[in-house]
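J.: Build me a structure from this.
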Amino acid sequence: MGIHWQDQLSVGNDSIDNDHKHLIELINDVQRALEGKDTNHLANLLRDLIHYSNVHFESEEKIAKAVGFPDSERIHQSHGELAQSLLECQDNLAHRWSDELAKEVAALLRTWLIDHVIKEDLRMKPYLTQHSPKLVAT
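T.: Here you go, the predicted structure:
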């Protein structure tokens with residue numbers, strides 16, 4: 001069962017929320033490819049997920065700084081850890097596919113996204129809602 005966007009996941013910024021919605025779609029696509037053991041499609045999806053995550057992380061960090069979020073350095077560190085986890089997943093799946101590993105990666109991606117949004121990004125909401133929801137990274 002895939003992850004679904006819910007309004008309580010909104011951080012109050014359109015750019016970040018739209019990125020999170022797209023990340024949910026990508027993770028759901030990866031999960032379907034894992035379940036279908038579609039390794040060629042999976043490789044492309046993981047590449048897309050890694051690229052999009054990095055773009056999102058950079059944008060989110062700029063927005064966090066722009067709104068004066070005091071823990072923006074922690075967010076940067078967390079993003080680095082998440083990016084490294086994604087690269088490790090990609091490498092592991094490319095070199096040692098197993099059904100067990102596929103389940104672990106699916107669980108990791110779900111937890112990663114939920115932790116990223118709930119534990120990290122929602123802490124920015126009080127700062128983000130003091131600005132226009134249209135604020136973008138510059």
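J.: where along the chain do the helices fall?
T.: 14-35, 39-66, 72-95, 99-114, 125-128 (DSSP state H).
J.: Next, the angle from the longest one to helix 99-114.
T.: This means helix 39-66. Using axes from the mean of the first three to the mean of the last three Cα atoms, to 10 degrees, the inter-axis angle of helix 39-66 relative to helix 99-114 is 20 degrees.
J.: what separates helix 39-66 from the chain centre, distance-wise?
T.: 7 Å (Cα atoms, centre = their mean, to the nearest Å).
J.: buried set for the lowest-mean-pLDDT helix or strand in the chain?
T.: Every helix and strand in the chain was compared by mean pLDDT, DSSP states H and E; the lowest is helix 99-114, with a mean of 86. Under the neighbour-count criterion of 16 or more other Cβ atoms under 10 Å, helix 99-114 has 102, 105-106, 109-110, 112-113 buried. (Each C-beta comes from the backbone N, C-alpha and C, glycine too.)
J.: Would you convert these into CSV that also reports distance to residue 71?
T.: Listed next are the buried residues of helix 99-114 as CSV, based on distance: Cβ to Cβ, whole Å:
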residue, distance to residue 71
102, 34
105, 29
106, 29
109, 24
110, 24
112, 19
113, 20
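J.: List just the nearest of these to residue 30.
T.: Closest approach between the buried residues of helix 99-114 and residue 30, by Cβ to Cβ: residue 109, at 6.1 Å.
J.: so the closest one makes contact with residue 29?
T.: No: applying Cβ atoms under 8 Å, one finds residue 109 not in contact with residue 29, separated by 10.5 Å.
J.: Looking at the buried residues of helix 99-114, which is nearest residue 138?
T.: Of these, the one sitting nearest to residue 138 (Cβ to Cβ) turns out to be residue 113, at 25.8 Å.
J.: Cool, thanks, signing off.
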